[in-house]
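>>> Provide a 3D model corresponding to the input given below.
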Amino acid sequence: MKYSNIIGLCIFIIVSVMIYHSCGTMKAKSCKQCPSYTEYWVQQSDSLKKELAVCSEECDRLNDENQFYGSMLGEIESVPGGSEILDTLFNQLYTK
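Modelled structure (predicted):
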């Protein structure tokens, strides 16, 4: 995941939490002047909670994958000639 994607995800999560808490406040006050508005935000809050759960699971999966590949690359690098192989592969992929 790119750094900009992580920042975007963090901003999304912060806004989601803010909306969720504002919906909880709106539920507690039970605004009678705007029930449709309150229902809309409750639905949005539920939707964002589900999306946040999916994002959290995906972040956990990516973290596990990153640790796995990081360990694998560390093992390759420690083998004689492994560092040169990794340098060659890196140069082939990123210096075009």
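
>>> next helix or strand past the lowest-mean-pLDDT helix or strand in the chain?
Counting by mean pLDDT, DSSP states H and E, the chain has its least confident helix or strand at helix 3-29, which shows a mean of 64. Downstream of helix 3-29, the first helix or strand assigned by DSSP states H and E is helix 35-78.

>>> helices or strands up against that next one?
Here helix 35-78 touches helix 3-29, helix 82-94, going by 3 or more CB pairs under 8 Å, 6 or more residues apart in numbering; DSSP states H and E. Every C-beta, even on glycine, is put in place using the N, C-alpha and C of the backbone.

>>> tell me what the shortest one is packed against?
Going back to what we said before, that points to helix 82-94. Under the contact rule (3+ CB pairs under 8 Å, 6+ apart), helix 82-94 is packed against helix 35-78.

>>> what is the mean pLDDT for the helix it packs on?
The average pLDDT for helix 35-78 rounds to 87.

>>> report the angle between it and helix 82-94.
130 degrees (axes from the mean of the first three to the mean of the last three CA atoms, to 10 degrees).

>>> show me how far helix 35-78 is from its chain's centre.
With CA atoms, centre = their mean, to the nearest Å as the basis, helix 35-78 stands 4 Å off its chain's centre.

>>> give me the neighbour count for L73.
12 (other CB atoms under 10 Å).

>>> contacts only, for the closest residue to it other than its chain neighbours.
Distances taken as CB to CB, 6 or more residues apart in numbering put L86 closest to L73, at 6.7 Å, once the chain neighbours are dropped. Going by CB atoms under 8 Å, 6 or more residues apart in numbering, L86 touches L73, I76, E77.
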